[in-house]
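# Sequence plus the predicted model coming up.
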Amino acid sequence: MTTMLAVVVPEWGAPEVLTPARIERPEPGMTEILVRVHAAGVNPVDWKTRASGAFIAWGEPPIVGWDVSGTVAAVGPGVTLFEPGDEVYGMPAFPRQAGAYAEYVVAPARQFARKPPSLSHLEAAALPLAGLTAWQSLVDTAELVAGQRVLIHAAAGGVGHLAVQIAKARGAYVIATGRADKHEFLRSLGADEVIDYSAVDFSTVVDEVDVVLDAYGGDYGVRSLPVLRRGGYLVVLPGPDTLPTAEQAREHGVRVGWNVVEPDAGGLRELSDLVETGRLRVVIDTVFPLAEAAKAHAHGETGRTRGKIVLEVG
């Protein structure tokens, strides 16, 4: 039996439940590739599911993580897109277990794309889940176009900092919320306006917005309804429990939706194009070794990160 190092979850709970262990290495089946993981991104869904198991379809043993950047180690029957040695990145399987906190990952080949040459594996691992979330929310769901006004909550975070840049690349006017110490950072990403949500009620200083992307949660979705134009779109990310009711949406004449990110090789290629043309950069907050995944989760749960947390695996 060939083994690999992985960080498993013997029981749901605090970050300390994350346990490094040696387990059997997977093998690629039909249409699948085996990826030697060099880096794995850390996202809020990782620590939320680690705490409770949440809605994920888990394997055995449970292994969290979906963001992967690495090298193809082997290909299964029927794979024509990649061959061993290719550098790839992706967000396979979500919302099923991908097991990214490990030295190897197996998943369908078409849930990966070639790693952007200008990105390191650390940077590439920080991009898929957050980048696809922002892309699918703004472009596929809200159909953001040039000239529209977009309000992005929690704009300095993993999803937010990418959403700001994607919106700017689409030609939108971007309003970003974040603490005062992150305003210079948000402006460097292209934000046209920045609002310190800890000092100002955003709903009193913003109006006539076409799209709101709520990556914060709580009551931000409901509070965002009055700032939207009639016919505008509110996209909520944290969960359906923060979504305004259909009656509230009708009252304001807007559309609302809860977006769940999906594996999307086409979206990854769009993100790669933005990276390679200089319109999207990935900001890394902190890098931890794989064995210190518990520390990475504890850091993420502070809510004070700027950009993404990454685990170095290779």
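Done, it's in.

# Over to Ala169: give its phi and psi.
phi -60, psi -30 (degrees, to the nearest 10).

# no wait, Glu184
Here is the backbone geometry of Glu184 (degrees, to the nearest 10): phi -60, psi -40.

# One more: the one 5 residues further on?
When quoted as degrees, to the nearest 10, the phi and psi of Leu189 stand at phi -80, psi -10.

# And it, how far from Lys182?
Distance check for Leu189 against Lys182: by C-beta to C-beta, to the nearest Å, it reads 10 Å. All C-beta spots, glycine's among them, are computed from the backbone N, C-alpha and C.

# Between the two, which contacts overlap?
Residues touching both Leu189 and Lys182 (C-beta atoms under 8 Å, 6 or more residues apart in numbering): Ala155.

# counting contacts, what elements does the strand or helix carrying Ala124 pack onto?
Assigned by DSSP states H and E, Ala124 belongs to helix 121-125. Packing contacts for helix 121-125, counted by 3 or more C-beta pairs under 8 Å, 6 or more residues apart in numbering; DSSP states H and E, involve strand 32-42, strand 67-75, strand 87-90, strand 284-289, strand 308-312.

# and with 7 Å instead?
strand 32-42, strand 67-75, strand 284-289, strand 308-312 (3 or more C-beta pairs under 7 Å, 6 or more residues apart in numbering; DSSP states H and E).

# Quick check: which of these is buried the most?
Neighbour counts (mean count of other C-beta atoms under 10 Å) averaged over each of the helices and strands packed on helix 121-125 peak at strand 32-42, with a mean of 26.

# what angle separates that one from strand 67-75?
Counting by axes from the mean of the first three to the mean of the last three C-alpha atoms, to 10 degrees, strand 32-42 points 160 degrees away from the direction of strand 67-75.

# quick one, strand 32-42 and strand 284-289 angle?
Using the same axes, to 10 degrees: strand 32-42 against strand 284-289 is 120 degrees.

# Strand partners (parallel or antiparallel) of strand 32-42?
Under the criterion DSSP bridges, strand 32-42 sits next to strand 67-75 (antiparallel), strand 104-108 (antiparallel), strand 308-312 (antiparallel) in its sheet.
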